[in-house]
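In: Task: produce atomic coordinates for the following.
(2 chains)
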Amino acid sequence: MSMSDNSLRLVWVYPDLLSTYGDQGNALVVERRARQRGLQVERYDVRSDQPVPTSGDIYLIGGGEDRPQRLAAERLRRDGGLQRAVGNGAIVFSVCAGYQIIGNEFINDLGQREPGLGLLDVVSTRGEGERCVGDVLADLDPQLGLPPLTGFENHQGVTHIGPSARPLAHVKIGRGNGTGDGTEGAYNGTVFGTYMHGPVLARNPLIADLLLKLALDVNALPPTDDRWYEALRAERINAAQQPA
Amino acid sequence: MSGNTDPLSPRAKLAVTAGKAAAAVSRAAGRGSGSVIGGKVALRLDPELLGRLATHLDVVLVSATNGKTTTTRLIAEALRASGPVVSNALGANMPAGITSALAGGSDAKYGVIEVDEKYLAGVARDVDPKAIALLNLSRDQLDRAAETRMLAEKWREGLAGSKAVVIANADDPLVVWAASSSPNVVWVAAGQEWKDDAWSCPSCGGVMQRPGDDWFCGECGFRRPAPSWVLSGDHVLDPHGSAWPIHLQLPGRANKANATSSAAVAAVFGVPPQVALERMYQVQAVAGRYDVVQFQGRDLRLLLAKNPAGWLETFSLIDPPPTPVILSVNARGADGTDTSWLWDVDYTRLAGHPIFVLGDRKLDLAVRLEVAGLDFRVCESVDEAVQLAPPGRIETIANYTAFQDLRRRVGN
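Out: Got it, this is the predicted structure:
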């Protein structure tokens, strides 16, 4: 998992349960951008009746419906592979239902508190109001040094961030974590969570590059031709700012 | 079904008349066919009008994520062999549109009604159908539709008390789950290319096993029922084991599946498969879909694909490379405003085709195709795309409002 051995192991966790909102796109974008940098990508799509490999470099977890979310949490807790991988220093990027699962706790489809994997210091509850649906514009944590976050949110969750994680971003438009303080997503250095679909890495390719840099332990990557991403970003950022 | 020759009360008649007047005003104002506004006015005056209009009809309801409008049309053609049919042929498939369509068919013997997935249980309660055809269920309009599994549950609850014969696709686990609450099911092996909404068992949550065309849950034993009707290549196999050739003008595997389900429905109404299938040949285009139009001296085939399952079936019917392909995607209200579904579509299937991209969300498509490693051109209009396209018939694939835009522009 360095630039020198030229290979990247990308694990897409439980597409049979958590692949409802086009979040497969996150895997496709990471894979594409890695290949553009000359890396060989081995992608593993791990179904929920298979063990999660512990030797992956980047793990992606998508969004899903309420019952599959509970099933995924039960099976991931039992399996233990993802937890061991994070212990080995792997990078995790999770979206929506997946974001809630990697936290400490969330509310399941039965309305009960369900333990998460404890990989990110967040606790999720269910929001009281309307579902948050629409384009989002947010400033990423300044420590990341990245341009604004654009995404599409569609959730009813509320996620509170604990002391050992930081907000991934602060929303200018949209609801994000739904806590009323403007935070969106969370991260702790190697484990990331967000409510953004879009899919989020297609709208924010430099976050995909950040994951690659962390996995490869490098400070920079060769440039890519990002003109279509740039055009899409400009359009969606503009659209988010238009009154609904 | 009641033998009453004049089932409509004075109140219902007034409601029908008021609805027609409102529709005429809407048409005159240039705001579409007026069928929905007419139905809304009529239902407000008589909330039970839908049920009343259906009492003298033998009704079949058709619901699915994909293929509703086409299958409704195929069934209507088949049943016309046996009597006059009233149908919401233009795809206005919510209660107001259905009411309006039925109000226009007082002489009909059969009602062939397309129903939006979310309204199926309610409409089935109102009209007491003789048959219900369930074709498939998959992800669609992520930002506003009920989750796919919840829809299957709603169907299941709604069908549990129905006396209708349910004609259901044995190859779609979500449809099987929904239909198996019903006491009277005719299973049809109609196929379903898209599998990604049914990897976890709708009954117990276990992981589905899918060897070949079969499927079963490894944990609870929920499994594919034995079908009595089967789509086999270009033939329909009926319950007696006879094979009937499918001759359609409509292209693609999905339409053969629709024809198979339609033949099974026709049999419930006493129309034999041979007669039903012969009549289906008449259907050439459905609300503009599959139509080939001339535009700027070129032939364009117009194909509608609204969601990942629909795009997958569409890719399998287009002409091979180097046939040029125009893709158009919008994300207006009727399309769903979330374009994430583009990433569930395997666009690498278009490798080798010259690709031209347009629509409100052409930039989402551009990034999607770039990540798929495909060459493409982004265009401002269909005119520009057609001018740039190399020779040959052009396949044009668009989602819902993009398709309407396209039809308006190319004069279809």
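
In: Give me the residue at the spatial middle of chain A.
Out: Nearest to the centroid of the C-alpha atoms of chain A, with distances taken as C-alpha atoms, centre = their mean, sits A:Ser94, at 2.9 Å.

In: What segments of the stretch 101-250 of chain B are strands?
Out: Secondary structure of the stretch 101-250 of chain B (DSSP state E, counting those that start in this stretch): strands located at B:110-114, B:131-134, B:165-169, B:185-189, B:208-209, B:216-217, B:229-232, B:235-237, B:243-245.

In: partners of the residue nearest to the centre of chain A in the sheet?
Out: Here A:Ser94 shows beta-bridge partners A:Ile61, A:Gly193, assigned using DSSP bridges.

In: what does chain A put close to chain B?
Out: Taking C-beta under 8 Å from any C-beta of the partner chain as the criterion, chain A approaches chain B at residues A:15-17, A:19-25, A:28-29, A:32, A:47-49, A:65-68, A:71, A:133-134, A:152, A:154, A:197-199, A:202, A:228-229, A:231-232, A:235. Every residue, glycine included, has its C-beta placed from N, CA and C.

In: From A:Arg9, how far off is the residue nearest to the centre of chain A?
Out: Separation of A:Ser94 from A:Arg9 (C-beta to C-beta, to the nearest Å): 17 Å.

In: do B:Asn169 as well
Out: B:Asn169 sits 38 Å away from A:Arg9 when distances are taken as C-beta to C-beta.

In: go on, B:Leu363?
Out: B:Leu363 is 31 Å from A:Arg9, where distance means C-beta to C-beta.

In: quick one: which of these two has more around it?
Out: Taking neighbours as other C-beta atoms under 10 Å in any protein chain shown, B:Leu363 and A:Arg9 compare with B:Leu363 leading, 22 against 19.

In: In helices only, show me the residues of chain A next to chain B.
Out: Secondary-structure check on the residues of chain A next to chain B using DSSP state H: residues within helices are A:24-25, A:28-29, A:32, A:66-68, A:71, A:202, A:228-229, A:231-232, A:235.

In: low pLDDT regions in the chain?
Out: Unless you meant another one, I'm taking chain A. Judged against pLDDT under 70, the low-scoring parts of chain A cover residues A:1-4, A:244.

In: let's do chain B instead
Out: The model of chain B has pLDDT under 70 over residues B:1-7, B:21, B:24-34, B:144-146.

In: Tell me the one of the ones in helices among the residues of chain A next to chain B nearest chain B?
Out: Proximity of these to chain B (C-beta to the nearest C-beta) peaks at A:Gly25, which lies at 3.1 Å.

In: For A:Val92, give me its contacts.
Out: If you count contacts by C-beta atoms under 8 Å, 6 or more residues apart in numbering or on different chains, A:Val92 has them with A:58-61, A:82, A:85-86, A:102, A:119-120, A:190-192.

In: Could you do B:Ala266 as well?
Out: By C-beta under 8 Å, 6+ apart, the contact set of B:Ala266 is B:75, B:78-79, B:81, B:272-273, B:275-276.

In: Same question for B:Ser35.
Out: Shown in contact with B:Ser35 (C-beta under 8 Å, 6+ apart): B:23, B:88, B:90, B:92, B:96-97, B:100-101.

In: Neighbour count and distance to B:Phe295 for these - can I get that in TSV?
Out: Conversion of those to TSV gives the following (neighbours: other C-beta atoms under 10 Å in any protein chain shown; distance: C-beta to C-beta, whole Å):
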residue	neighbour count	distance to B:Phe295
B:Ala23	24	31
B:Asn88	28	29
B:Leu90	16	23
B:Ala92	21	27
B:Ala96	21	34
B:Gly97	24	29
B:Ser100	29	32
B:Ala101	24	31
